[in-house]
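> Generate coordinates for the sequence data below:
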Amino acid sequence: MHRRLDPVFRSIRKMASSGAEPQVLVQYLVLRKDLSQAPLSWPAGALVAQACHAATAALHVHRDHPHTAAYLRELGRMRKVVLEASDEPALQELAETLRQRNIDHVLWLEQPENTATCLALRPYPKEEVSQVLKKFRLFR
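Here you go, the predicted model:
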């Protein structure tokens with residue numbers, strides 16, 4: 001019995017059989033750094049929860065995209081990169097840039113405050129989005 005393979009898997013399989021490196025899918029998250037600093041001083045657990053909410057929402061909203069499906073089929077190989085934005089205006093500016101470039105993402109708004117806390121992209125090949133995100137540092 002054969003399983004039907006979507007186009008992404010066919011291209012990955014073709015690359016693997018030709019000796020080329022398979023396409024690496026990465027989910028990027030951008031979390032607000034100022035939330036961890038005074039005067040806000042959110043605890044680490046609250047920050048992790050914001051990143052989890054954004055990541056889960058992006059995967060759900062874009063669940064029918066072939067990259068998301070491929071990413072979810074290999075649970076043991078998921079790759080996430082967490083970057084930091086300095087504050088809410090920087091996060092909002094990134095969201096607008098992503099919208100203008102048609103890069104799929106979810107901007108997570110914490111309720112009831114309606115405050116943007118984290119942004120998550122759907123899984124992308126690293127080389128497709130790394131240039132847009134180059135000004136953001138790894139979250140520390």
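> Show me where the chain has its helices.
Secondary structure of the chain (DSSP state H): helices at 7-17, 44-61, 66-73, 88-100, 126-129.
> Ok, which of those helices comes nearest residue 113?
Closest to residue 113 of the helices of the chain, according to C-beta to C-beta: helix 88-100, at 10.8 Å. (Glycine included, C-beta is placed from N, CA and C.)
> Would you mark the buried spots in the closest one?
With burial defined by 16 or more other C-beta atoms under 10 Å, the residues of helix 88-100 counted as buried are 90, 91, 94, 95, 98.
> helices and strands of the protein: which one bottoms out on pLDDT?
Within the chain, judged by mean pLDDT, DSSP states H and E, the helix or strand with the poorest mean is helix 7-17; its value is a mean of 43.
> Sketch out the low-pLDDT regions of this structure for me.
Scanning the chain for pLDDT under 70 picks out 1-22, 140.
> before we move on, back to that, Serialize the helices of the chain to TSV and add fields for distance to residue 28.
Shown next, in TSV, are the helices of the chain (distance: least, C-beta to C-beta, whole Å):
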stretch	distance to residue 28
helix 7-17	18
helix 44-61	9
helix 66-73	12
helix 88-100	10
helix 126-129	6
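> Tell me which of those helices approaches residue 120 most closely.
Among the helices of the chain, if distance is taken as C-beta to C-beta, the winner is helix 44-61, at 3.8 Å.
> The closest one packs against which elements?
For helix 44-61, the packing partners by 3 or more C-beta pairs under 8 Å, 6 or more residues apart in numbering; DSSP states H and E come out as strand 25-32, helix 66-73, strand 105-110, strand 115-121.
> Okay then, goodbye and thanks.
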